[in-house]
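Novice: coordinates only, sequence not included:
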């Protein structure tokens, strides 16, 4: 006797499957048990090579294949938050948006999209921080200009 849900052979007289726990209704034995899914980590399909010539494989557990580019992506999320809190709100928020897009692209396995979004977030963070420093310098110069005229 086989479980109609998972196809595992059961002991005669069993009322519940010892594998999946479903109730077993006495049914005629199927001609062949269903094929089990492939083990985790085995490629299901192959994706054509990307423009850089690297092949990415989709594996059985739907996680992206390890890639040397994945380790080179550093998150700019916390830098974007710091820029938002201490420097320029608009630039920091744009950096947060691009940082989360990079994280989403990385989770989907889109390495190049993650790198592009992460680089854009980094540019917004640096531009906002440099703008803030420039404005502070201009403020200090303008604030102390009358005192410099007295010298």
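Specialist: Received, thanks. Treat the numbers as computed from the prediction; the structure is a model and nothing was measured.
Novice: so what's the gap between stretch 120-137 and the chain middle?
Specialist: 26 Å (Cα atoms, centre = their mean, to the nearest Å).
Novice: now do the strands in this structure.
Specialist: Using DSSP state E, the strands found in the chain span residues 43-46, 57-59.
Novice: weakest of those strands in terms of mean pLDDT?
Specialist: Of all the strands of the chain, strand 57-59 carries the lowest average pLDDT, namely a mean of 46.
Novice: ok, the residue sitting nearest the centre point of the chain to residue 136 distance?
Specialist: In the chain, the centroid-proximal residue (Cα atoms, centre = their mean) is residue 107; its distance is 2.3 Å. To residue 136, residue 107 is 37 Å away according to Cβ to Cβ, to the nearest Å. In short, each C-beta sits where N, CA and C put it, glycine included.
Novice: for the protein, what helix or strand is lowest in average pLDDT?
Specialist: Lowest by mean pLDDT, DSSP states H and E among the helices and strands of the chain is strand 57-59, with a mean of 46.
Novice: so residue 131 sits right up against residue 88, yeah?
Specialist: Yes - applying Cβ atoms under 8 Å, one finds residue 131 in contact with residue 88, separated by 5.9 Å.
Novice: neighbour count winner among those two?
Specialist: Between residue 131 and residue 88, counted using other Cβ atoms under 10 Å, residue 88 has the larger neighbour count: 20 against 14.
Novice: dihedrals phi and psi, that one?
Specialist: phi -120, psi 120 (degrees, to the nearest 10).
Novice: which non-adjacent residue is nearest it?
Specialist: What sits nearest to residue 88 in space, not counting adjacent residues and going by Cβ to Cβ, 6 or more residues apart in numbering, is residue 128, at 3.8 Å.
Novice: same check, this time on residue 15
Specialist: Leaving aside its sequence neighbours, residue 15 sits nearest to residue 24 (Cβ to Cβ, 6+ apart; 6.0 Å).
Novice: quick one: contacts for the one you found?
Specialist: 1, 3-4, 10, 14-17 (Cβ atoms under 8 Å, 6 or more residues apart in numbering).
Novice: from the contact counts, what lies against the helix with the most length in the chain?
Specialist: Assignment by DSSP state H gives helix 111-149 as the longest helix of the chain. If you count contacts as 3 or more Cβ pairs under 8 Å, 6 or more residues apart in numbering; DSSP states H and E, helix 111-149 packs onto helix 77-86, helix 89-108.
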